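Trainee: A structural model of the following input is requested.
(one chain, ligands or ions: 1)
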Amino acid sequence: MAIVNVTPDSFSDGGERLDPEQAIDDGLRFVSEGADIVDVGGESTRPGAQPIDAAEELRRVLPVVESLARRGITVSIDTRHAAVARACLDAGARIVNDVSALRDDPTMMPLLVERGAPVVLMHRAGRAEDKYAVPAYDDVVEEVRVFLLERAWACEASGVACRDIALDPGIGFGKTVEENVALIAGASRLAVAGYPVLIGASRKSFIGSLTGIAEPRRRDPASVWLAVEAIRRGASIVRVHDVAATRQALAVWQVMR
Ligand code: PMM
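Mentor: Residues are numbered from 1 along each chain as shown. Now for the predicted structure:
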């Protein structure tokens, strides 16, 4: 899954592609480099980011979603807002990626049921505007797993098909460095439930803490390594910035295995 943030302020690639033409070109390049899904987002989730209204979010993402979907690309829309998700599904997006696991907008779940759209449910502690909370976990992998399974079962109880649900432990969303590492290492514990697991570690700040590299765009080598680790440990989808390098590493890992 390639990341296309159409935002002025995402920590990892903010401001690179507020111009929709640039975002579309990048999405096409990511597919040519081997991405299966392009994840388009219009609202930054960086700690301290203020929520934006759905109209502004939609203004940013819609031309990009429309253009990529028209070319047959599998687009996921990274949004917490049902109004944005609905318009993007209408424009051809096929997956909804919700970092709130459908908690921020009560109309998101009925929309998914109505459209039969696959969903990514992500664990997040606290909110972006409060710079997230770092709860004291006894066993972060277990607590995140239980939360995600409860959300998945709530979806199924509402009528979302079990094959349409993927789970994501939410690397970086209110976790310490050690907890992020534990969640990647523990992907297999999440995967045994049978839902596909998505891991998004690319360029995140815990990599900066581990390596001393302050500039997110220079964290791709470690991000590629973590993507391979995540897949090795049972993840099915990795959300990444450097698609070409990740594909290259995974191709070699598969042969070595
Ligand atoms: N991370 C970000 C945004 N959306 N969605 C999912 N499912 N998982 C993530 O880890 C995730 C996400 C923030 O990172 P970015 O600024 O690199 O997009």
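Trainee: all helices for this protein, in order.
Mentor: 20-32, 54-70, 82-90, 108-115, 140-158, 177-185, 187-191, 205-211, 220-232, 243-256 (DSSP state H).
Trainee: Find the one among the ones you listed with the highest mean neighbour count.
Mentor: Among those, helix 82-90 has the highest mean neighbour count (mean count of other C-beta atoms under 10 Å), at a mean of 22. (C-beta placed from N, C-alpha, C; glycine too.)
Trainee: and for that helix, what are the contacting residues?
Mentor: With contacts defined as C-beta atoms under 8 Å, 6 or more residues apart in numbering, helix 82-90 is touched by 40, 42, 54, 57-58, 61-62, 65, 75, 77, 79, 93, 96, 98, 105, 107-108, 111, 115, 117.
Trainee: Check the contact between G126 and V99; I expect there is one.
Mentor: No. Using C-beta atoms under 8 Å as the test, G126 is too far from V99 to be in contact (11.6 Å).
Trainee: residues shared between the contacts of those two?
Mentor: Taking C-beta under 8 Å, 6+ apart as the contact rule, G126 and V99 both touch F173.
Trainee: more neighbours, these two?
Mentor: Neighbour comparison, G126 and V99: the larger count goes to V99, with 23 against 14 (by other C-beta atoms under 10 Å).
Trainee: Kindly state the pLDDT recorded for the more buried one?
Mentor: What the model reports for V99 is a pLDDT of 97.
Trainee: Ignoring the adjacent residues along the chain, who's closest to it?
Mentor: M122 (4.7 Å; C-beta to C-beta, 6 or more residues apart in numbering).
Trainee: What's the local residue count around that neighbour?
Mentor: So M122, with other C-beta under 10 Å, has 27 neighbours.
Trainee: which residues touch it?
Mentor: Contact analysis of M122 by C-beta under 8 Å, 6+ apart lists 97-101, 168-170, 173, 198.
Trainee: and the ligand, which of the residues you listed reach it?
Mentor: 97, 99, 168, 170, 198 (C-beta under 6 Å from any ligand atom).
Trainee: Now the buried members of these.
Mentor: Neighbour-count burial (16 or more other C-beta atoms under 10 Å) applied to the ones next to the ligand among the contacts of M122 gives 97, 99, 168, 170, 198.
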